[in-house]
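J.: Pasted the sequence and its predicted model underneath.
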Amino acid sequence: MSKPTDIFKAYDVRGKVGSELTVPIVEKIGRAFATWLPEKGPIAVGRDMRPDSAELAQAIITGLTEQGREVWDIGEVTTDMIYFAVGFYKMAGGVMVTASHNPGEYNGIKFCREGANGVGLDTGLAQIRDSAFATNWQAAPHTGTVAPKDIVEDWISHVLSFVDVAKLQPLKLAVDAGNGMAGKIFAELEPHVPFDVTEMYFELDGTFPNHPASPIEPKNLVDVIAKVKAIGADAGIAFDGDGDRAVLIDETGEALSGTVMTAILAKYFLQKNPGATILVNAICGRAAIEAIEKFGGKAVRTKVGHSIIKNDMRTHQAVFAGEHSYHFYFKDNYMADSGLISAVITLYVLGNSGQKLSELAAEFKTYQQIAETNFEVADKDEMMKIIAAAFPNTKQDWLDGLTVNLRDSWFNVRPSNTEPLLRLNAEAKSKDELDKLVAQVTSLIAK
């Protein structure tokens, strides 16, 4: 049986609305965040377009102001705009009410502190959880205030600061917002760029009537791929529900992997910052690491997860970080990730390359990959030890789960934080080699 505290995940709060995530619980979470947050000053609160997000955002605001906090209500925004608000306006922290790509019956809460620093279980979320379900609240000397703020204009200017706007080239695009927040914000970008945009599902609708706003799943790219082909677009873009991830589709209808997008973006930043350090997570493909090294950068592997990566970027003074899951982080974006920034830079590179997007990507499509595959296991740690023992005399590391490196291939098995699952990622130079490797690992797990 689930407990109320089970809604606290590794990097955010997530649960079914009405049963797991209720207004009284969210109000308590707001009070706990207000009490825990180290810095004084205003807190930004934003929300997505889900039917219950406005009510839950108001519950957060009530909790914050009950503890004497000043609140900026920035309304319906993408998650990356919360990070921007906290960094750009030098705020004490931020809260975003969203369940990202999850189905419509879910909602959730993401947090950051000053400087857009991430807040996960290891960096404050556990204390917020414990405090939220305590009953000994200390009354604040006064009630905080709430002020509505519109940050869209500043955000669009910030996004465009990552490229030379005068050198943006005309492109024909199909953009699928999945009825998520990108439908509102990408439309605000359009007057400033020379793109001919065919808008798909830009109407905000948190019930997701057309398809789930989870572009990492191929089935949710069917519509945008069809549109790219139908209109002869130079590229397609598919955003997730809260707009912090963007998947690029080439003119043939093939989606660029997170690894390929990492490599393209890494090359761009290394041309601007020779010799810079760039982070990749432990399951990003070798092509990204090889691209960083080829273009004179220093590649550093890190664990999966936004709060970990943001901290590691500061430690290593990295200019950019990429994850296989299409989260891309930028030093000049307060170390935070952004779907819109990654899309705009990739389109800028495409327009100035003289190539088609498929040709631009081909330089980095040097390996075959599988989609992340889940396996239910009784004992995750024991299974990883069994797999490690089955590959003796190989280079192995335990940075994030188990990674086994072979000559022309590698794989990683990583435990889920919340479920009895092992997640398998694998890559090889050839499809035949990849199939054999996956079959070998799968046979060990299935025994």
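T.: Received it, and whenever you're ready, just let me know what you need. On a predicted model such as this, the values are computed, not experimentally measured, just so you know.

J.: Which strand residues bridge the nearest residue to residue 200 once chain neighbours are set aside?
T.: Nearest residue to residue 200 in three dimensions, chain neighbours excluded: residue 176, at 4.2 Å (C-beta to C-beta, 6 or more residues apart in numbering). C-betas here are computed from N, CA, C, even on glycine. For residue 176, the beta-bridge assignment (DSSP bridges) gives partners residue 200, residue 238.

J.: Could you check how many residues crowd around residue 176?
T.: Around residue 176 there are 31 other residues, counting by other C-beta atoms under 10 Å.

J.: which residues touch it?
T.: Taking C-beta atoms under 8 Å, 6 or more residues apart in numbering as the criterion, residue 176 is in contact with 200-201, 215, 221, 223-224, 227, 236-239.

J.: tell me the centre residue of this protein?
T.: Using C-alpha atoms, centre = their mean, the residue of the chain that lies closest to the mean C-alpha position is residue 327, 3.7 Å off.

J.: could you check the distance from it over to residue 446?
T.: From residue 327 over to residue 446 the distance is 31 Å, taken as C-beta to C-beta, to the nearest Å.

J.: re earlier: can you redo the contacts of residue 176 as a markdown table, where the extra columns are pLDDT?
T.: As requested, these are arranged in a markdown table below (pLDDT from 0 to 100):
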| residue | pLDDT |
| --- | --- |
| 200 | 98 |
| 201 | 98 |
| 215 | 96 |
| 221 | 98 |
| 223 | 98 |
| 224 | 98 |
| 227 | 98 |
| 236 | 98 |
| 237 | 98 |
| 238 | 98 |
| 239 | 98 |
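
J.: Just the buried residues from the residues you listed, in ChimeraX please.
T.: This is the ChimeraX syntax for the buried subset of the contacts of residue 176, where burial follows 16 or more other C-beta atoms under 10 Å:
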select :200,201,215,221,223,224,227,236,237,238,239
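
J.: just the contacts of residue 176 now: which is nearest residue 286?
T.: Using C-beta to C-beta, residue 215 is the member of the contacts of residue 176 that sits closest to residue 286, with 23.4 Å.

J.: any idea how far the closest one lies from residue 201?
T.: Distance from residue 215 to residue 201, counting by C-beta to C-beta: 12 Å.

J.: Could you do residue 161 as well?
T.: 28 Å.

J.: if we can go back for a sec, how many neighbouring residues does the closest residue to the residue nearest to the centre of the chain other than its chain neighbours have?
T.: In space, residue 327 comes closest to residue 337 once its chain neighbours are excluded; the distance is 4.5 Å by C-beta to C-beta, 6+ apart. A count of neighbours around residue 337, defined by other C-beta under 10 Å, yields 25.

J.: Over to residue 268?
T.: The burial metric for residue 268, expressed as a neighbour count using other C-beta under 10 Å, is 18.

J.: Residue 396 too?
T.: Using other C-beta under 10 Å, the number of residues around residue 396 comes to 14.

J.: Return the per-residue confidence for the most far-flung residue of the chain relative to its centre.
T.: Within the chain, the residue lying farthest from the chain centre (C-alpha atoms, centre = their mean) is residue 141, at 37.9 Å. At residue 141, the model reports a pLDDT of 89.

J.: List the residues that contact it.
T.: Applying C-beta under 8 Å, 6+ apart, one finds that residue 141 lies in contact with residue 68.

J.: Residue 248 now?
T.: Applying C-beta under 8 Å, 6+ apart to residue 248 gives the contacts 235-237, 255-256, 261, 343, 346, 357.

J.: Likewise for residue 245?
T.: When contacts are counted by C-beta under 8 Å, 6+ apart, residue 245 is found next to 101, 215-216, 239, 325-327, 337, 339.

J.: Would you agree the residue farthest from the centre of the chain falls within a helix?
T.: No - the assignment for residue 141 is coil, going by DSSP: H, G, I helix; E, B strand; the rest coil, so no helix is present there.

J.: just checking, the residue nearest to residue 327 touches residue 329?
T.: Yes - here residue 337 lies in contact with residue 329, judged by C-beta atoms under 8 Å, at a distance of 4.7 Å.

J.: Please enumerate the shared neighbours of the two.
T.: residue 306.

J.: re earlier: if we take the contacts of residue 176, which one ends up nearest to residue 33?
T.: The nearest one, if we look at these relative to residue 33 and count by C-beta to C-beta, is residue 239, at 26.8 Å.

J.: so the closest one touches residue 339, yeah?
T.: Yes - the criterion here is C-beta under 8 Å, and residue 239 meets it with residue 339 at 5.6 Å.

J.: Overlap in contacts, those two.
T.: Listed contacts common to residue 239 and residue 339 are 182, 245-246; contacts here mean C-beta under 8 Å, 6+ apart.

J.: Now intersect those residues with the helices, please.
T.: Members of these lying in helices (criterion: DSSP state H): residue 182.

J.: quick one: the strands in the stretch 201-350 of the chain?
T.: Taking DSSP state E, counting those that start in this stretch, the strands of the stretch 201-350 of the chain run over residues 235-239, 246-249, 277-281, 298-302, 320-322, 328-330.

J.: Show me which residues of the second one are buried.
T.: By neighbour count with 16+ other C-beta under 10 Å, strand 246-249 contains the buried residues 246-249.

J.: One more: the fourth one?
T.: Buried residues in strand 298-302, defined by neighbour count with 16+ other C-beta under 10 Å: 299-302.

J.: now, which of these sits nearest residue 72?
T.: Taking C-beta to C-beta as the measure, residue 302 is the one of these closest to residue 72, at 31.3 Å.

J.: what's the distance between the closest one and residue 153?
T.: Distance of residue 302 to residue 153, given as C-beta to C-beta: 34 Å.

J.: Same check on residue 349?
T.: When distance is defined by C-beta to C-beta, residue 349 is 25 Å away from residue 153.

J.: out of the two, which sits in the more crowded spot?
T.: Neighbour comparison, residue 349 and residue 153: the larger count goes to residue 349, with 18 against 9 (by other C-beta under 10 Å).

J.: Please name the nearest non-neighbouring residue to the more buried one.
T.: residue 268 (5.6 Å).

J.: quick revisit: residue 361: which of the buried residues of strand 298-302 is nearest?
T.: Of all the buried residues of strand 298-302, the one with the least separation from residue 361 (C-beta to C-beta) is residue 299, at 19.2 Å.

J.: Can you give me every residue that contacts the residue nearest to that closest one when sequence neighbours are not counted?
T.: Closest residue to residue 299 in three dimensions, ignoring its sequence neighbours and counting by C-beta to C-beta, 6+ apart: residue 292, at 4.1 Å. Residue 292 is in contact with 263, 266, 270, 278, 280, 298-299, counting by C-beta under 8 Å, 6+ apart.
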